[in-house]
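>>> have a look at this fold, sequence not included:
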């Protein structure tokens, strides 16, 4: 059943668990909760943080790496291809021409050249990769704390 996103007035096809970031007084560090999972986001000390967690942009790189690896592994398993491991390294770089994700994929196992090529093509179509390539709209609204 489709829901209406009241922010933009359109039907929602799929929703994911909400991510909630909470700050502590006088700290940049954030505790991020997604369902039962918790992680720490922070910035390096030279940027005023405590370097107690990953930077938010690094979380985007991690999401892309995990998505590519999961997509490649799932496809190889469905096809019953002999992939023993996929290692995906993602680094976000900024230059005078903009932002660029550099992605390296290492596929281990007795795969043919055609299988490796297909796995790379499938990996490039993972859902996070699609978000990165096409971009997404962002809507912010202030909510009033209920006492």
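All right, it came through fine. Owing to the predicted nature of the structure, the values given are computational and were not obtained by experimental measurement. Numbering: from 1, shown residues only.
>>> rest of the way, CA atoms for contacts and neighbours
OK.
>>> residues contacting residue 78?
Neighbouring residues of residue 78 by Cα atoms under 8 Å, 6 or more residues apart in numbering: there are none.
>>> report how many residues lie close to the nearest residue to residue 63 once chain neighbours are set aside.
If the residues on either side of it in the chain are set aside, residue 63 comes closest to residue 128, at 6.9 Å by Cα to Cα, 6 or more residues apart in numbering. Residue 128 has 17 neighbours, counted by other Cα atoms under 10 Å.
>>> could you do the one 4 residues further on as well?
The burial metric for residue 132, expressed as a neighbour count using other Cα under 10 Å, is 12.
>>> let me see the ranges of the helices in the protein.
Assigned by DSSP state H, the helices in the chain fall at 56-79, 113-123, 127-134.
>>> sorry, back to before: gap between the residue nearest to residue 63 and residue 62?
Look at residue 128 and residue 62: by Cα to Cα, to the nearest Å, they are 10 Å apart.
>>> domain map for the protein?
With domains defined by automatic domain parsing, the chain comprises 1-54, 55-147.
>>> just for this structure, where's the confidence low?
In the prediction, the chain carries residues with pLDDT under 70 at positions 1-10, 146-147.
>>> centre-most residue in it?
For the chain, residue 63 is the residue whose C-alpha lies nearest the centre (Cα atoms, centre = their mean; 2.2 Å).
>>> pretty sure that one sits against residue 127.
No - with contacts defined as Cα atoms under 8 Å, residue 63 does not count as touching residue 127, sitting 9.9 Å away.
>>> now for the residue nearest to residue 63: which residues touch it?
For residue 128, the set of contacting residues under the criterion of Cα under 8 Å, 6+ apart consists of 63-64, 67.
>>> for residue 98, see how far away it is.
19 Å.
>>> same question, residue 90
Applying Cα to Cα, one obtains 16 Å for the distance of residue 90 from residue 98.
>>> those two: who's more crowded?
residue 90 (19 against 7).
>>> partners of the more buried one in the sheet?
Residues found in beta-bridge contact with residue 90 (criterion: DSSP bridges) are residue 103.
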